[in-house]
Each structure stands twice: as C-alpha cells, then as structure tokens.
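# What follows is a predicted protein model with its sequence.
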Amino acid sequence: MTVSVPDPATAGDPATAARQRWMRVLAKAMPGELAAACAALGQMPRAAFVRPPETGLALLRGRIGGRGAPFNFGEATVTRCVVRLEGDAAGPMGFGYVMGRDKNRAEQAAMLDALLQRGNEGAARQIDKLEAAQAARIAAQAARAATSKVDFFTLVRE
C-alpha cells in the first residue's frame with residue numbers, strides 16, 4: 001500500500017472529500033473509540049466479509065525535506081477488512097484499514113464505512129465525535145510539547 005497524491009479529477013467532488021475525511025478519522029481512531037462508536041449505534045446490521053480481517057505489511061516511503069527523490073523508509077503493520085452489508089448485494093462495500101494488528105478495529109472501521117456510504121445519520125454523528133476527540137488529543141499533545149519549548153535568540157553586540 002502506498003500513499004499517493006489525490007486525483008485532480010476528483011479534487012472538487014464533495015462526496016469523495018467526505019469519504020476521504022471519514023476514512024482518515026476511522027483509520028486514526030483509537031480502539032476504544034471505535035468500539036464506543038459502534039456500541040452507540042445499537043444493533044449493527046449483519047455483514048458478509050468480502051475480505052476478512054487480515055494483517056500484512058505496507059511500504060512506507062519518504063522524501064528528504066518533502067521534495068527530494070522518494071526512498072523506501074521502512075514497513076508498517078497494517079490490518080485491513082472489507083465487508084458488504086447483508087441484503088445489499090449491489091450495495092457499497094465498507095473498507096477498514098488500520099495501523100497495527102487489531103482485526104476487530106479494522107472490522108469496526110469497515111462496518112462504519114459501509115453505513116456511512118448508505119447515508120446513516122447516526123454513523124455520521126459518530127464520525128464527528130471521533131474527529132473532535134482526535135482534535136482534542138492533538139491539542140493536548142501540542143500543549144504538553146509547548147511546556148518544554150525553548151526559545152533561542154542571539155544578541156547582536158555593537
């Protein structure tokens with residue numbers, strides 16, 4: 001799996017932008033948060049695995065300074081899952097990709113993706129909650145880092 005630049009042909013598509021947003025939120029959600037989001041929705045519909053949860057490696061690529069030639073940085077463990085809601089043979093497939101080996105988390109992300117593609121309002125509210133929790137986590141981390149900030153300055157002597 002490689003991360004690529006978004007396709008310019010879909011850059012203005014609001015549906016694509018919305019799905020990219022919720023896929024990012026699902027991928028970054030903590031295990032307990034995804035479980036709580038699924039529990040808040042109540043009884044989840046039955047789903048069939050198109051691809052059961054499986055763990056593999058993804059190649060990480062980097063660029064020096066963000067501009068240099070790409071190089072292989074290393075590998076990361078990724079778990080993925082693909083589901084299709086039962087009774088919806090021609091309906092959308094839900095995809096779940098998460099870092100690490102948590103198969104249950106990948107399955108929960110795939111279920112939420114499938115529900116969101118169906119337009120489930122409850123799932124959309126859960127995405128908003130997950131995104132707010134992630135923003136709070138980032139803000140708390142930035143606040144902790146700011147306490148150790150050191151300002152270096154140079155005095156000019158005349």
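Yep, it's here.

# Only C-alpha atoms from now on, for both contacts and neighbour counts.
Noted.

# Tell me who's in contact with the residue most central in space within the chain.
The centroid of the chain falls nearest to Ala27 when counting by C-alpha atoms, centre = their mean (2.2 Å). Applying C-alpha atoms under 8 Å, 6 or more residues apart in numbering, we find Ala27 in contact with 96-99, 109.

# swap the cut-off to 10 Å and go again
Residues near Ala27 by C-alpha atoms under 10 Å, 6 or more residues apart in numbering: 34, 96-99, 105-106, 109-110.

# Now that we have those residues, which of them are buried?
Buried subset of the contacts of Ala27 (neighbour count, 16 or more other C-alpha atoms under 10 Å): 34, 96-99, 105-106, 109-110.

# and those residues, which of them are in strands?
Counting by DSSP state E, those place 96-99 in strands.

# What is the nearest of those to Glu121?
Among these, Gly96 lies closest to Glu121 (C-alpha to C-alpha), at 19.1 Å.

# isn't that closest one right up against Leu34?
No. At 11.5 Å, Gly96 does not count as touching Leu34 under the criterion of C-alpha atoms under 10 Å.

# tell me, what's touching the two both at once?
26-27, 105-109, 112.

# Make a markdown table out of the residues you listed and add distance to Arg63 and pLDDT.
Output for the shared contacts of Gly96 and Leu34, formatted as a markdown table (distance: C-alpha to C-alpha, whole Å; pLDDT from 0 to 100):
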| residue | distance to Arg63 | pLDDT |
| --- | --- | --- |
| Leu26 | 26 | 95 |
| Ala27 | 23 | 94 |
| Arg105 | 30 | 95 |
| Ala106 | 28 | 96 |
| Glu107 | 32 | 95 |
| Gln108 | 33 | 94 |
| Ala109 | 29 | 95 |
| Leu112 | 33 | 94 |
